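In: From the sequence below, what's the structure:
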Amino acid sequence: MRDISVTKKLYFIVGTMAVLIAAELVTLWFSMETLSSVRAFVGGEGLWSKSQKDASYHLREYNITHDEKHYRAFQGFMQVPLGDHKTLVELSKPEPDLEMARQGFLEGRIHPDDIDGMINLIQRFHSVYYINEAVKIWTKADSIIGKLIPLGERMRAEINSNNPSQALLDSLQRQIEPVNAELTVLEDNFSYVLGEGSRWLEDLVLRLLPIVAFTVEISGLLMSISVSLSLIHI
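Out: Have a look, this model is predicted:
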């Protein structure tokens, strides 16, 4: 530093400080975006859970009333988990089609502003325990909720037959409850894991930001002292 002009030293200090401050801001932005994406996943789970329960309700009503409007409502509510499943399948591929993944989340009624962040969360942190565990639960839940579709199709076929058997319809109806019970446990576990992950990430951010801020302050102080000493010896 002794052989560099004062002007260049000042430029160096200002440039270095700008880079460090930018790094601090990027760290803060990245942390907030990630926490927001976790929140969006929790909200998405709420939509998934509500749609699953509404679909089951309309399937029960269809069994009682034989009114096709309930079967159409069942199909409509099933579009939410089916859309999310499309995204999960796509993101599980080595080279996913991100546009297809976005379309799946849209069909799952995820807010468009949250979609890219949620996709990035899975891609960036898929190896982190909390995200990895949440994806496993999501995968298992998809396989279970898929059982409702053939149950609904068999129910509809029987209702529209020439001589529908109420005993068979009631048997199909009874198969819905175990599916709902199993899904409720998985939905709770999904929210719990994401909640744990959110707290882990928040703790990490609270540890990281002071380190970054301290680095900025100490770097600025050391460089200022260095320039001041060089000016004294001029």
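In: E202 reaches V38, doesn't it?
Out: No. Under the criterion of C-beta atoms under 8 Å, E202 makes no contact with V38, lying 9.3 Å away. Bear in mind the C-beta positions are built from the backbone N, C-alpha and C, glycine included.
In: Those two: which has the busier surroundings?
Out: V38 (24 against 14; other C-beta atoms under 10 Å).
In: What sits closest to that one if chain neighbours are left out?
Out: Among residues not flanking V38 along the chain, S198 sits closest, at 4.6 Å (C-beta to C-beta, 6 or more residues apart in numbering).
In: so is that neighbour in a helix, a strand, or just coil?
Out: helix (DSSP: H, G, I helix; E, B strand; the rest coil).
In: Contact partners for the residue most central in space within the chain?
Out: For the chain, the residue sitting closest to the mean C-alpha position, by C-alpha atoms, centre = their mean, is F41 at 3.4 Å. F41 sits next to 118, 121, 134, 194 when contact means C-beta atoms under 8 Å, 6 or more residues apart in numbering.
In: So which of those residues are in strands?
Out: Assigned to strands by DSSP state E, none of the contacts of F41 qualify.
In: In helices only, show me the residues you listed.
Out: 118, 121, 134, 194 (DSSP state H).
In: which of the residues you listed lies closest to D142?
Out: Among those, A134 lies closest to D142 (C-beta to C-beta), at 12.6 Å.
In: Could you report the distance from the residue nearest to V38 to R39?
Out: 7 Å (C-beta to C-beta, to the nearest Å).
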